[in-house]
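Visitor: Have a look; sequence and predicted model below, questions after that.
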Amino acid sequence: MSDVYLDSSALGYRLRARRLMVVVGLVFAVFIGRLAQLQVLDGGDMSQASQANFIRPEALPADRGNIFDRQARPLAQNRAAYDLYVTPSQVKDLPALLDGLEEVLELDSLDLERLREKIQEPRGIARYQPIRVRRDIDRGHVARAQSLRAQIDGLSIKVEQQRMYPEARIGAHLIGYMGRMRPEEVESVGVSVRPNAMTGRFGLESRFDGLLAGRDGYEKYVVNARGAKAADQRALAAVDEVVHEPAVPGNDLVLTIDAEVQRILVSALSRYESGSIVLVDPRDGSILGMVSKPDFDPNQWSGRLPPEVYQEVVENPFKPMIDKSVHSFFPGSVYKVVTALAALEEGLIEPETEVDSPGTYDFGNRIFHCHKLSGHGKVSLTAALAASADVYFYKLGERLGIDTPATYAQRFGFGRISGLDINGESPGLVPTRQWHEEHTSNGYQFGLALSTAIGQGDVRTTPVQMALAYAALANGGTLYAPRIVSRVQSPDGKTVAAYGPQIVGRLGADPVHLAAIVEGLERAVSDTEIGTGLLAGIPGARVAGKTGTAQVRDIERLRFTDKVKDFRERDHAWFAGFAPVESPRLVVVVFLEHGGTGGKEAAPVARQVMQAYNERIEPIFNTQAANRHVPRRRLERGAP
Amino acid sequence: MNRAMAGVARLDWSLIVLVLLLGAVGVLNLQSTSMSSGSNIHMKQFYWLIVGAFAMIATAVVDYRHLDRLSPFLYGGAVVLLALVLGIGKEINGSRRWFDFGPVSVQPSELSKLAVIAMLASWFNRVPRPAGYTLRDLMPVAGILAMPMFLILQEPDLGHTLMLMFIGFSMLAYEKFDRRSSVTLLTAAVIATPLMWRFVLRDYQKDRILTLLDGEVDRLGAGWHALQARVAVGSGGIFGKGHGLGTQVAGGFLPENHTDFVFANLAEEHGLIGAGSVLLVYLLLVVGALRVASHARDKFGGHVAVGVAALIFWQVFMNIGMVLNLLPVTGVTLPLMSYGGSSVLTVMVAIGLLVNINVRRTVF
């Protein structure tokens, strides 16, 4: 049997046992301290971490409102898009999955390698999160993707809405497109739970995003570690907040635009590289049509934009992503109506006052030229407008100075944004003496008043401003805000808000003076001897209008192709007019950037538009002659 | 008869009460973790506790001094079983630790701890060195430890390997040491650590240690487990989420929640109050075992009691240290709380030994 150790060494054992107890006690003290640290000091953070584990918020995307034209034809709507996701944690056979995807998505080896990395990269709980590997699978591939999903673990297909523009390029600038939200935008909207949220990026999509977008809903649900929804009552009890907040769908916009008109405008511009046409109803300021060229396909920009398309647009010297209808340019002679009205209203001239208008005008040490070298002789106001006699207007400019016409320009709506407020709408520029003192290198020179009088100098206007200004001439002096949205309706079709015409100002001019100007404009189109806008004329119909040929001081000589160089040295061609004169229904503004001369290029485009409108949209001319079918040949450039 | 009555009168009930308390809390806690999986492991654990109680009584009744003679055979048997399990054991998660007997699996590494304790106690008893042990004296001790440690490491089971080493060192610490030998031993330990790292540890074991030092090393594997355990413990707060209301287990975020990480569930559901109380019970149990050692009537009994104290202490230390993210992740279970028949049986037998030694203690 063992020794009984009732000896002195037993004391040594007791001592060591006590030491061991102290060590054990210290270790347990540390553990209890650590327990308190985790549970009391870090308790809040850890509680959140624990909740983040199992309570997953999921956004319920709101249906975006549609955009309709005035005939309820869809211009922007939604369609189902099939997105393909891979959940790394569920992938059991990565090579087989990649093989399958290579075939279904038609990937090359580089794409495949990227995809492999994308799937292998996530660690920890991130592996339970589905990764979107392809947005909006081609229709033809959906069935194949579905069958692949049935065969291989880890794939899932989610249906999301994709914006679709049935008219594609027709009116792309006006309607706009959708883009993915930037992080700071996500922050401000507060839909941080939705990683792929889109927002309006251009045109009306951007301008009325608040009305169209609706409000995303969200749902909080309880998941287990695999990300599967769990209906476990114990876990559900931990979700004490609102669990389900339904999405509020966005409202529809009904526009004053007519899709058919848009098609007319696009085809009228087909022969030109760059420009814009704006059609306005002078009776209420409604925009009937508005296009800018070159255009782009908003369907591509809202979806998977092919890199080569992006590259092409970025490198296009005619700048497709600039909306030329709201961008400002030198107006040239279409601006002369401002000078004319100022002179009449200020009492400088009477409509019939005749002024000598030779080919040149010496002013100071500078010679101002008329576009017609031989000059026009003694002309009245109507003839001066009809023939676009520059010296006549130089002389008015000399007597008016620069600030007085500027106040009239402002009454026409120039120098400030029209209120359309899309695509970075430019206010244009109505230069004043003060403006020149501040911005011109030599300060204000009196000669500037002369150039301004004929729409040169530093005047800049947008096609939309010009259309609304001519609408004011046509309707007897009322300046309207551009009316583009006629109605906002809820998803079930009920009108939420209706927008009537909105008057922003009046010309406040003597009707006699306005009539004189309109007469001059009508002569410009109809007076076969002196009219500059004859090519806008329609037999049997009364059309009024003014041509403009803005000389472009294009200083930059970039290394462009000959075609582009040639383009850049040409003048801007304008035509602004309305019809029928007896009761105006349509204001047309044609702007051809570097398009040549107003009379030869812009005027026939305007005629084509008016005739097509009359034939295809609604008859605005009552006479037989105007409604007669016009042979195509006569619309060609250079026709008599 | 008279002696038996005297034995009952001298019985230290406090140890038995503490053990039964831990067993009951363990069963309730397992009942909570098994809710989401719908299993009935808490009932199995309960049955094991009953079996363990009988084993404890049986161990307590027979005079422990017989164990002194039997220890070489127990030790030899344990080594044979450890060798056998490497050959015919059931492989689970890449390691062979269990004999599979149909409904029951037996883990020889658990049982081997008792054999090693008995063997070492027996050796210290037979080779007394009142002046202190030298390193040369301790060569057999190293041999006794090395054999089963080597076999367990092959399974592989780092946790139990370390457990045997820690138990051995603890029993050494109860002895008097030659001063020069202790210096040499410390130096050797310092040199051995990097060598262990280089030649003994496997990659995943190294990862676990690295994870502790830097949580970013492996967020998917061991780091993930450790993080989720910390989240479970921390989110329990002071009072806990309530019994059966722990979301970390219910959602499947906390792995191994009925074995290695069982304490995390307790801490999540019962907070600082519950987890702290259980820690205190373990402390009382270990201190109680050491008290039994210091009152033992002979050297053998004293060393067995220290071995049992070490067995409980180091398992609690490694398991709760891991759950509290103070120590790397090793597969060491928590005595009486973690699910596992072999473990329950081992601990109950060990407590039976304590009771046995205490009943036959010296008078003072």
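Guide: Received it, and whenever you're ready, just let me know what you need.
Visitor: Point me to the helix or strand that includes whichever residue of the stretch 101-250 of chain B sits closest to chain A.
Guide: Nearest to chain A in the stretch 101-250 of chain B, going by Cβ to the nearest Cβ, is residue B:234, at a distance of 2.5 Å. C-beta here means a position set from N, CA and C on the backbone, and glycine is covered the same way. According to DSSP states H and E, residue B:234 maps onto helix B:222-236.
Visitor: can you give me how far that helix is from the chain middle?
Guide: 22 Å (Cα atoms, centre = their mean, to the nearest Å).
Visitor: mean confidence score for it?
Guide: The pLDDT scores in helix B:222-236 average 81.
Visitor: Quickly check: the next helix or strand after it near chain A or not.
Guide: Counting by DSSP H and E, the element after helix B:222-236 in chain order, helix or strand, is helix B:247-250. Yes. Using Cβ under 8 Å from any Cβ of the partner chain, helix B:247-250 reaches chain A at B:247, B:248, B:250.
Visitor: how about the strands of the stretch 201-350 of chain A, start to end?
Guide: For the stretch 201-350 of chain A, strands defined by DSSP state E, counting those that start in this stretch occupy the ranges A:217-222, A:244-245, A:252-255, A:275-281, A:286-293.
Visitor: where in the stretch 1-150 of chain B is pLDDT low?
Guide: Scanning the stretch 1-150 of chain B for pLDDT under 70 picks out B:1-10, B:36.
Visitor: Tell me the residues of it that contact chain A?
Guide: Residues of the stretch 1-150 of chain B lying near chain A (Cβ under 8 Å from any Cβ): B:35, B:36, B:65, B:68, B:125, B:128, B:130.
Visitor: Let's verify the first one: helix, strand, or coil?
Guide: When the structure is reduced to helix, strand and coil (DSSP: H, G, I helix; E, B strand; the rest coil), residue B:35 reads as helix.
Visitor: Assumed residue A:85 was part of a strand.
Guide: Yes. With three-state DSSP as the criterion, residue A:85 is part of a strand.
Visitor: Go ahead and confirm it touches residue A:133.
Guide: Yes. Using Cβ atoms under 8 Å, residue A:85 is in contact with residue A:133, at 6.7 Å.
Visitor: Who has more neighbours out of these two?
Guide: residue A:133 (19 against 16; other Cβ atoms under 10 Å in any protein chain shown).
Visitor: Check which residues of the strand or helix carrying the more buried one are buried.
Guide: Here residue A:133 sits within strand A:131-134, counting by DSSP H and E. Residues of strand A:131-134 classed as buried by neighbour count (16 or more other Cβ atoms under 10 Å in any protein chain shown): A:131, A:133, A:134.
Visitor: ditto for stretch B:243-259
Guide: Across stretch B:243-259, burial judged by 16+ other Cβ under 10 Å covers B:244-259.
Visitor: Which members of the residues of the stretch 1-150 of chain B next to chain A define the maximum pairwise distance?
Guide: Maximum pairwise distance in those, criterion Cβ to Cβ, is 58.2 Å, between B:36 and B:130.
Visitor: okay, these two: which has more neighbours?
Guide: residue B:36 (20 against 10).
Visitor: I would like the residues contacting stretch A:91-98, please.
Guide: The contact list for stretch A:91-98, computed with Cβ atoms under 8 Å, 6 or more residues apart in numbering or on different chains, reads A:86, A:112, A:115, A:116, A:119, A:120, A:152, A:153, A:154, A:155.
Visitor: ok, now with 10 Å
Guide: Residues from elsewhere that reach stretch A:91-98, judged by Cβ atoms under 10 Å, 6 or more residues apart in numbering or on different chains: A:86, A:88, A:90, A:99-100, A:107, A:112-113, A:115-116, A:119-120, A:127, A:148, A:151-155.
Visitor: what does stretch B:65-80 give?
Guide: Contact with stretch B:65-80 is made by A:1-2, B:59, B:108-109, B:111-123, B:125-126, B:144, B:147-148, B:150-151, B:297-301, B:304, B:353, B:356-357, B:360, as judged by Cβ under 10 Å, 6+ apart.
Visitor: residues in contact with the closest residue to residue B:85 other than its chain neighbours?
Guide: Nearest-residue entry for residue B:85: residue B:108, 5.2 Å, with adjacent residues in sequence omitted and distances by Cβ to Cβ, 6 or more residues apart in numbering or on different chains. When contacts are counted by Cβ under 10 Å, 6+ apart, residue B:108 is found next to B:77-86, B:89, B:97-99, B:115, B:148, B:151-152, B:155, B:160, B:342.
Visitor: Relative to chain B, which of the buried residues of strand A:131-134 is nearest.
Guide: residue A:131 (15.7 Å).
Visitor: Surely that closest one is in contact with residue A:118?
Guide: Yes. Between residue A:131 and residue A:118 there is a contact at 6.0 Å, judged by Cβ atoms under 10 Å.
Visitor: how close does residue A:251 sit to chain B?
Guide: 40 Å (Cβ to the nearest Cβ, to the nearest Å).
Visitor: give me phi/psi at that residue?
Guide: Here is the backbone geometry of residue A:251 (degrees, to the nearest 10): phi -90, psi 160.
Visitor: My guess is it contacts residue A:211. True?
Guide: Yes. With contact defined as Cβ under 10 Å, residue A:251 counts as touching residue A:211 (5.0 Å).
Visitor: Which neighbours do the two have in common?
Guide: In contact with both residue A:251 and residue A:211: A:65, A:488, A:496, A:497, using Cβ under 10 Å, 6+ apart.
Visitor: What score does residue 319 have for pLDDT?
Guide: All of this refers to chain A. On the pLDDT scale, residue A:319 gets 90.
Visitor: Switch to chain B, please.
Guide: pLDDT, read off for residue B:319, is 93.
Visitor: Who are the contact partners of it?
Guide: By Cβ under 10 Å, 6+ apart, the neighbours of residue B:319 are B:159, B:259-263, B:327, B:330-335, B:337-338.
Visitor: tell me, which helix in chain B spans the most residues?
Guide: Across chain B, the longest stretch assigned as helix under DSSP state H is helix B:262-294.
Visitor: so that one versus helix B:222-236, what angle?
Guide: 90 degrees (axes from the mean of the first three to the mean of the last three Cα atoms, to 10 degrees).
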